[in-house]
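> Return a 3D structure for these sequence lines:
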Amino acid sequence: MKLVVDIGNTNIVVGLKKQKQWVHIWRMHTSKQATELDYNMKLQSVLWELGVSPDEIEHKVLSTVVPELKDRFSDLLKKINSNPVIVLDKNIFKFLDIYIPSPDEIGSDLVANALAAHHIYHQDMIIIDFGTALTFTVINKNGKILGVNIAPGLKTALNALGDKTAQLDTVPLVLPENPLGTNTETAMQNGVLLGYIGLVSYMVETIKNEVGQSYKVLVTGGLVNVLKHKIPVIDYLNQNLTLEGLALIPDLLKNN
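As a prediction, the model looks like this:
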């Protein structure tokens with residue numbers, strides 16, 4: 001069994017995979033203030049509810065874009081059992097079967113996405129991850145990452161507007177039926193969500209004009225459901241893409 005952990009700026013996603021099936025996937029809020037004990041209690045509680053013994057976990061893989069939590073989670077994963085923890089970072093990138101430009105700068109989550117896309121789909125791919133940031137990772141069918149584009153994520157953009165708008169505390173990520181806002185909230189929702197539909201479509205068009213029309217569009221991320229039915233350029237949806245990439249790593253390392 002594999003235990004994989006993907007720490008993002010907003011959420012921590014944890015997955016348990018047995019052979020080719022996900023046993024359980026769950027999320028917890030990312031908090032830099034939470035201690036190792038706090039996170040360990042949450043993790044152990046889920047394992048206990050699932051009836052999973054620590055001895056059943058053969059591989060433990062960690063990816064994080066939050067440096068403050070790297071050691072905290074690495075330590076708690078080490079304590080689950082005696083098996084080593086694999087931390088996906090530039091020290092591991094060189095053992096993967098994909099080409100990664102600027103390994104010191106690319107996020108481990110984007111590498112995991114690219115790895116999963118390469119192994120699952122075997123196609124030229126534009127990967128769009130709807131997370132705290134909206135990322136576009138382009139990888140060809142030979143496993144070469146050609147480049148990455150990054151924009152603020154949906155919630156990040158709405159929150160930034162909300163911080164400047166005294167009338168609002170929070171703005172729901174819901175696209176209004178009327179494309180013209182009739183109050184501050186719907187004006188912001190339309191401005192961001194309709195704007196991002198255009199952003200994604202134009203970004204994909206521009207990338208395809210550069211790399212070729214053969215590239216398929218694969219979407220993932222915690223916020224993808226907000227707009228997935230409104231973006232016609234999407235070819236594939238894989239909600240667990242990052243976890244799938246992390247789960248591949250122990251097998252790839254065995255061959256090195």
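
> Let me see the domain layout of this protein.
The chain is divided into the following domains under automatic domain parsing: 2-87, 108-244.

> Using a markdown table, lay out those together with distance to Phe95 and mean pLDDT.
Yep, even glycine has a C-beta here, placed from its N, CA and C like the rest. Shown next, in a markdown table, are these (distance: least, C-beta to C-beta, whole Å; pLDDT from 0 to 100):
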| stretch | distance to Phe95 | mean pLDDT |
| --- | --- | --- |
| domain 2-87 | 10 | 94 |
| domain 108-244 | 11 | 92 |
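
> As CSV, those with distance to Asp251 would be great.
CSV is the format used below for the domains of the chain (distance: least, C-beta to C-beta, whole Å):
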stretch, distance to Asp251
domain 2-87, 9
domain 108-244, 10
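
> show me what contacts Ile86?
His59, Lys60, Val61, Leu62, Ile92, Ile249, Pro250, Leu253 (C-beta atoms under 8 Å, 6 or more residues apart in numbering).

> Please list the members of the residues you listed that lie in helices.
Under the assignment DSSP state H, those contribute Ile92, Ile249, Pro250, Leu253 to helices.

> Now for those, which sits with the most neighbours around it?
In terms of neighbours by other C-beta atoms under 10 Å, those top out with Ile249 at 22 neighbours.

> didn't it look like it was pressed against Val61?
Yes: the criterion here is C-beta atoms under 8 Å, and Ile249 meets it with Val61 at 5.4 Å.

> so what sits against both of those two?
Common neighbours of Ile249 and Val61, using C-beta under 8 Å, 6+ apart, are Ile86, Leu88.

> Next, give phi and psi for Gly181.
phi -70, psi 140 (degrees, to the nearest 10).

> How much space separates Ala187 from His118?
Distance of Ala187 to His118, computed by C-beta to C-beta, to the nearest Å: 41 Å.

> scratch that, Leu69
Going from Leu69 to His118 by C-beta to C-beta gives 27 Å.

> Which residues does the residue nearest to Ile25 when sequence neighbours are not counted form beta bridges with?
Distance criterion C-beta to C-beta, 6 or more residues apart in numbering; nearest residue to Ile25, sequence neighbours excluded, is Gly15 at 4.6 Å. As for beta bridges, Gly15 partners with Val4, Ile25 under DSSP bridges.

> list the contacts for Gly15?
Each residue near Gly15 by C-beta under 8 Å, 6+ apart is listed here: Lys2, Leu3, Val4, Val5, Asp6, Trp22, His24, Ile25, Asn240, Leu243, Leu246, Ala247.
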